[in-house]
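Visitor: Just to be clear, the model below is a prediction. Sequence and coordinates:
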Amino acid sequence: MILALLLAGSEPPWNCADPQAQQEMNWCAAKEFEAADAELNAQWKLTAAAMKERDGDIDRTYDKRSGYFETLLAAQRAWLSYRGQHCASEGYLFRGGSMEALLVGTCKTKLTRERTQQLRFLIEQ
């Protein structure tokens with residue numbers, strides 16, 4: 001039934017405020033990560049734009065270092081790799097089991113929310 005709902009574009013009738021079954025917990029964790037990732041992407045756009053603007057203020061006659069945006073982009077790429085690998089390692093506690101997806105999803109949500117705050121902080125300074 002759940003697969004049929006998903007294939008039809010409908011969401012299962014689960015209560016993420018109080019998930020009971022493992023499949024429900026995994027699905028709710030994935031939805032929570034989707035929301036956190038959307039917030040991160042929105043903040044990324046704001047922070048990236050601010051860093052590009054700051055790059056315009058750099059006097060390149062004496063400062064040849066990487067700019068704000070270039071440095072931010074490199075850090076974000078490294079962070080994305082870190083998040084994926086770190087959360088995979090947390091999931092390995094239940095490697096191959098039905099709970100692995102829950103651990104990975106929960107980890108990715110936590111780290112994504114933390115990164116969103118870090119990106120927000122960069123432009124609040």
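Guide: Ah, there it is.

Visitor: what ranges do the helices span in the protein?
Guide: 2-7, 22-55, 68-91, 100-124 (DSSP state H).

Visitor: if you compare those, which one is most tucked away?
Guide: Comparing the helices of the chain by mean neighbour count (mean count of other C-beta atoms under 10 Å), helix 100-124 comes out on top with a mean of 18. Just so you know, the C-beta spots here come from the backbone N, C-alpha and C atoms, and that holds for glycine as well.

Visitor: what about that one, distance to the chain center?
Guide: 5 Å (C-alpha atoms, centre = their mean, to the nearest Å).

Visitor: Tell me the confidence at the most centrally placed residue in the chain?
Guide: Centroid-nearest residue in the chain, with C-alpha atoms, centre = their mean: Thr112, separated by 3.6 Å. Looking at Thr112, its pLDDT is 98.

Visitor: Give me the nearest residue to it, chain neighbours excluded.
Guide: Using C-beta to C-beta, 6 or more residues apart in numbering and skipping residues adjacent in sequence, the residue nearest Thr112 is Ala36, 4.3 Å away.

Visitor: ok, Ile123 to Asp37 distance?
Guide: As for Ile123, its distance to Asp37 is 19 Å (criterion: C-beta to C-beta, to the nearest Å).

Visitor: And Thr109, by the same measure?
Guide: 8 Å.

Visitor: For the closest residue to Cys28 other than its chain neighbours, grab phi and psi.
Guide: In space, Cys28 comes closest to Cys16 once its chain neighbours are excluded; the distance is 3.8 Å by C-beta to C-beta, 6+ apart. For Cys16, the backbone dihedrals (degrees, to the nearest 10) come out as phi -70, psi -10.

Visitor: Work out the gap between stretch 74-92 and the centre of the chain.
Guide: On C-alpha atoms, centre = their mean, the centre of stretch 74-92 falls 10 Å from that of its chain.

Visitor: In this structure Leu103 contacts Phe94, no?
Guide: Yes - assessed by C-beta atoms under 8 Å, Leu103 is found in contact with Phe94 at 6.2 Å.

Visitor: Which pLDDT value belongs to Leu122?
Guide: 96.

Visitor: check contacts around it.
Guide: Going by C-beta atoms under 8 Å, 6 or more residues apart in numbering, Leu122 touches Thr47, Ala50, Met51, Leu72.
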